[in-house]
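>>> The following comprises the amino acid sequence and a computationally predicted model.
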Amino acid sequence: MNRTATAQDTPQAQTPAALDALDHVAITAEDIPAAVAWYRQRFVCRVAYQDSTWALLEFANARLALVTPGEHPNHVGFVSPRAEEFGELKPHRDGTRSVYVLDPSGNAVEILAPYL
């Protein structure tokens with residue numbers, strides 16, 4: 001029986017360690033302390049970082065960044081060993097380095113270098 005090869009047939013798809021990692025999803029919050037309180041009252045999560053312009057909440061399987069308007073766009077962040085191929089990496093105050101790009105639909109995507 002002939003069949004067409006699919007993405008599941010690639011070596012990368014069969015080896016989870018070869019997959020890039022989703023690092024976080026970032027959404028806008030007008031009031032960071034109020035947003036952190038709302039999420040913590042409703043979900044079991046941990047505050048990994050918080051200041052007046054952004055917070056990072058850790059859940060069992062994901063991290064959620066809360067950002068003030070104008071600080072960062074709403075985006076999804078991936079860690080990739082090929083991050084530098086997407087453009088010049090800029091350092092952030094939390095020690096990470098990344099570049100923002102747009103996907104074909106105009107969504108912001110942050111590509112982070114692996115953590116040191």
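Everything's here; your move.

>>> just checking, what packs against the top strand by length along the chain?
Assignment by DSSP state E gives strand 21-28 as the longest strand of the chain. Applying 3 or more C-beta pairs under 8 Å, 6 or more residues apart in numbering; DSSP states H and E, we find strand 21-28 packed against strand 63-67, strand 75-79, strand 108-112. All C-beta atoms are positioned from the backbone trio N, CA, C, and that covers glycine.

>>> for the chain, what spans make up the strands?
Counting by DSSP E, the strands of the chain are 21-28, 46-50, 54-58, 63-67, 75-79, 90-91, 97-102, 108-112.

>>> just the helices and strands packed on strand 21-28: most buried one?
For those, average neighbour numbers computed from mean count of other C-beta atoms under 10 Å are highest in strand 63-67, which has a mean of 21.

>>> Any buried residues in the top helix by length along the chain, and which?
Scanning the chain for the longest helix, with DSSP state H as the assignment, gives helix 32-42. By neighbour count on 16 or more other C-beta atoms under 10 Å, the buried set for helix 32-42 is 32, 35-36, 39.

>>> Residue 106 and residue 73: what is the separation?
10 Å (C-beta to C-beta, to the nearest Å).

>>> Among those two, which residue is more densely surrounded?
More neighbours surround residue 73 than the other of residue 106 and residue 73, with 15 against 6 (other C-beta atoms under 10 Å).

>>> Not counting its neighbours along the chain, what's nearest that one?
Ranked by C-beta to C-beta, 6 or more residues apart in numbering and with sequence neighbours excluded, the top spatial neighbour of residue 73 is residue 108, at 4.1 Å.

>>> Also residue 26?
residue 65 (3.8 Å).

>>> just how off-centre is stretch 96-109 within its chain?
Chain-centre distance of stretch 96-109: 10 Å, with C-alpha atoms, centre = their mean, to the nearest Å.
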